[in-house]
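Engineer: Predicted coordinates and the sequence they were generated for:
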Amino acid sequence: MALSFTGKPNPRVGEILVARLSTLPAQRSTGLTLKQRRFTSTLEITQKQTAPAAPSLPPLSALPTRVLLRSLLVSTISSKAWLLYPSLWVMSILSKPNRGFLLNVDRNPILHGILKKTFYEQFCAGENAAETKATIKELKDMGFRGVIMTYAKETVFDHRTNTQHGLGVAALEAEKNGEQVDPRLVHCANIEAWRKGTLETVEQLEDGDYLAVKLTGAGPTVTEAFSKGDLPPTQMINAMDEVCRRCKERNVRILVDAESQHFQWGILRLTLDLMRKYNRDGYAVVYNTYQAYLKSTSNTLAKHLAAAQQDGFTLGLKLVRGAYMASDERALIHDTKTDTDNAYNTIAQGALKRTIGDFGTTTPFPSVNLFLASHNRESVMAAHNLHKQRTQASLPTIPVGFAQLHGMSDEVSFSLLALKGSDGTPEVYKCSTWGGMGECLAYLLRRAIENRDAVLRTSDEYNALKAEFKRRLKGGFSFATQK
């Protein structure tokens, strides 16, 4: 039988030859001569090489169908200006204080139900401990290393109106108007409520998870101190010490959120003191958040690197682009998105190379743990590739984790998860918030504004979700069998 292996291989060649060889006389012990065995082995190798590889599933295939459909709905709204801008207008009205019954999301059951099944469940973990734990389990079942969870209460300062909105503000305004309010009782109650809510959040987390804290959620006495660049009252410092000790016991790390610039210098001062105290065991328990869109961030980071080097603690460096564009003073922020992108990538890659400014060259590089929170695919992929290359080449680098917000940039998150190696890296987390609907409105409004400003990313995300939905339709998925 003459065979030719020129041109395209015949997929049935192996089957024909093996069948033909099987008709030859049986041999002692092996059943085939040495020449026949070699020929058969060659055919088996050829078959394996020419067999088509199994198609890899797209990153979003890991999303449960229920989550996919909700994500597609919210992404459709976010990517269409004629749907997004009216939604922003409505949410901005709902987030204002002193709303009547019809516009109170905690009291109006119809309004509460609509928001709960759409924007709230897309971006938030739950209104109580049971809902939050169920969401955490679902995220970990999808493959995430862990979660970053925050308690929703916060105070936001709007520089345009010179006003602040959040916990305890109504009491503060009452004081200014001369009403009979005991500020010590109000303020102590606010700090105590924040302490209890934050510790309740810690108890919902597991080994390796992260707690994100919004310090302004503790009320007016805290925000007044922060606005002056001062440390908060002793009661708040004691509350943070209790939170730090409990987190260290449970192997949970703390990400102190960046907030409105009106409060940020006081927050930075407290966070630096906490890092000096708790980041003493060769790793960071406490991280500060650095916003790359601020022109001042590179100088701020240089000062904190110097403090870490001088005082011998590990600097916890959580890097974000920034989320207070709508309320912060515009002059403080980089002029263009390109400038912000360059600042973000310079800090992230410099930290991974252990060279930022003079540190790592003329000045020793201190101990640093890096956490990159970003929805920018190029930034996170470049950082992961750099970290992997340096690790494989035994070059100096630092520990790094990655995170995207719950309900946003799932395509980026699952693309990172698909790269996970035997060493467990990259470590990918989802960041969420929990609390009552009214408490989460400021957070939800920021997420909506962020989608408005990130037009290209939102459009890409919408297209990816739509493509995954079409893929499942073509595959004939059943809603009854999908998670």
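Structural biologist: Yep, it's here. Numbers count the residues shown, from 1 in each chain.
Engineer: and R246, what is it in contact with?
Structural biologist: The neighbours of R246, taking C-beta atoms under 8 Å, 6 or more residues apart in numbering as the test, are 199, 202. Placement of C-beta: from N, CA and C, glycine included.
Engineer: Next secondary structure element downstream of the helix or strand hosting it?
Structural biologist: In the assignment (DSSP states H and E), R246 maps to helix 234-249. The helix or strand immediately downstream of helix 234-249 is strand 253-256, counting by DSSP H and E.
Engineer: quick one on the thing from earlier: looking only at the helix holding R246, what residues are buried by neighbour count?
Structural biologist: For helix 234-249, the neighbour count (16 or more other C-beta atoms under 10 Å) marks 235-236, 239-240, 243-244, 247 as buried.
Engineer: From those, pick the one nearest S92.
Structural biologist: When the buried residues of helix 234-249 are ranked by distance to S92 (C-beta to C-beta), M236 comes first, at 29.5 Å.
Engineer: Could you verify that G316 is part of a helix?
Structural biologist: No - assigned with DSSP: H, G, I helix; E, B strand; the rest coil, G316 falls outside any helix and is strand.
Engineer: Restrict stretch 193-207 to CA atoms and write it as PDB.
Structural biologist: Written as PDB, here are the backbone C-alpha positions of stretch 193-207 (Å, rounded to 0.1, in the frame of the first residue of the first chain):
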ATOM      1  CA  ALA A 193     -21.600  53.000  64.900                       C
ATOM      2  CA  TRP A 194     -18.700  53.100  62.400                       C
ATOM      3  CA  ARG A 195     -16.600  50.900  64.800                       C
ATOM      4  CA  LYS A 196     -19.400  48.300  65.100                       C
ATOM      5  CA  GLY A 197     -20.100  48.200  61.400                       C
ATOM      6  CA  THR A 198     -16.400  47.900  60.500                       C
ATOM      7  CA  LEU A 199     -15.800  45.000  63.000                       C
ATOM      8  CA  GLU A 200     -19.000  43.300  61.700                       C
ATOM      9  CA  THR A 201     -17.400  43.500  58.200                       C
ATOM     10  CA  VAL A 202     -14.200  41.900  59.500                       C
ATOM     11  CA  GLU A 203     -16.100  39.000  60.900                       C
ATOM     12  CA  GLN A 204     -17.600  38.200  57.500                       C
ATOM     13  CA  LEU A 205     -14.100  37.900  55.900                       C
ATOM     14  CA  GLU A 206     -11.800  34.900  55.800                       C
ATOM     15  CA  ASP A 207      -8.100  34.200  55.800                       C
END
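Engineer: how's this structure carved up into domains?
Structural biologist: 13-50, 61-125+445-483, 128-434 (automatic domain parsing).
Engineer: Tell me which of the ones you listed sits most buried.
Structural biologist: domain 128-434 (a mean of 19; mean count of other C-beta atoms under 10 Å).
Engineer: Show the end-to-end separation of that domain, please.
Structural biologist: Distance across domain 128-434, first residue to last, is 7 Å (C-alpha to C-alpha, to the nearest Å).
Engineer: and it, what's its mean pLDDT?
Structural biologist: Domain 128-434 carries an average pLDDT of 90.
Engineer: I figured Q264 was touching V256, is that so?
Structural biologist: No - using C-beta atoms under 8 Å, Q264 is not in contact with V256, being 10.7 Å away.
Engineer: Show me what the longest helix anywhere in the chain is packed up against.
Structural biologist: Assignment by DSSP state H gives helix 183-204 as the longest helix of the chain. With contacts defined as 3 or more C-beta pairs under 8 Å, 6 or more residues apart in numbering; DSSP states H and E, helix 183-204 has these neighbours: helix 129-141, strand 146-151, helix 169-176, strand 210-213, helix 220-227, helix 234-249.
Engineer: What helix or strand is the closest residue to A326 other than its chain neighbours located in?
Structural biologist: Excluding the flanking residues, the one nearest A326 by C-beta to C-beta, 6 or more residues apart in numbering is I449, at 5.1 Å. Using DSSP H and E, I449 falls within helix 437-453.
Engineer: The helix or strand that that helix is followed by relative to helix 437-453, how many degrees between them?
Structural biologist: Next along the chain after helix 437-453, taking DSSP H and E as the criterion, comes helix 455-474. Angle, helix 455-474 to helix 437-453, by axes from the mean of the first three to the mean of the last three C-alpha atoms, to 10 degrees: 100 degrees.
Engineer: Name all residues that make contact with P426.
Structural biologist: Taking C-beta under 8 Å, 6+ apart, one finds 384, 387, 400-402, 416-417, 419-420 in contact with P426.
Engineer: A403 reaches V380, doesn't it?
Structural biologist: No - A403 is beyond contact range of V380, at 9.4 Å (criterion: C-beta under 8 Å).
Engineer: and the one helix or strand N288 maps to, C-alpha only, in CSV?
Structural biologist: Here N288 sits within strand 286-291, counting by DSSP H and E. Provided in CSV are the C-alpha atoms of strand 286-291 (Å, rounded to 0.1, in the frame of the first residue of the first chain):
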residue,chain,number,x,y,z
VAL,A,286,-2.3,48.3,56.5
TYR,A,287,-2.2,49.8,53.0
ASN,A,288,-2.7,53.4,52.0
THR,A,289,-4.5,54.2,48.7
TYR,A,290,-2.6,56.4,46.2
GLN,A,291,-4.6,58.1,43.5
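Engineer: Run the chain-centre distance for the helix or strand just after that strand.
Structural biologist: Downstream of strand 286-291, the next assigned helix or strand under DSSP H and E is helix 297-311. Relative to the centre of its chain, helix 297-311 is centred 24 Å away, using C-alpha atoms, centre = their mean, to the nearest Å.
Engineer: And stretch 248-268, by the same measure?
Structural biologist: From the chain centre to the centre of stretch 248-268 is a distance of 15 Å (C-alpha atoms, centre = their mean).
Engineer: repeat for stretch 319-328
Structural biologist: Taking C-alpha atoms, centre = their mean, the mean C-alpha location of stretch 319-328 is offset from the chain mean by 15 Å.
Engineer: Also stretch 271-284?
Structural biologist: Between the mean C-alpha location of stretch 271-284 and the chain-wide mean there is a distance of 22 Å, by C-alpha atoms, centre = their mean.
Engineer: Is T433 in contact with V147, as I believe?
Structural biologist: No - using C-beta under 8 Å, T433 is not in contact with V147, being 10.7 Å away.
Engineer: Quick check: neighbours shared by these two?
Structural biologist: Common contact partners of T433 and V147 (C-beta under 8 Å, 6+ apart): A125.
Engineer: Next up, the contacts around D209.
Structural biologist: By C-beta under 8 Å, 6+ apart, D209 lies in contact with 136, 146-149, 252-253.
Engineer: Dump those into JSON lines; add distance to R472 as well.
Structural biologist: Formatted as JSON lines, the contacts of D209 follow (distance: C-beta to C-beta, whole Å):
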{"residue": "I136", "distance to R472": "25"}
{"residue": "G146", "distance to R472": "28"}
{"residue": "V147", "distance to R472": "26"}
{"residue": "I148", "distance to R472": "29"}
{"residue": "M149", "distance to R472": "30"}
{"residue": "V252", "distance to R472": "36"}
{"residue": "R253", "distance to R472": "36"}
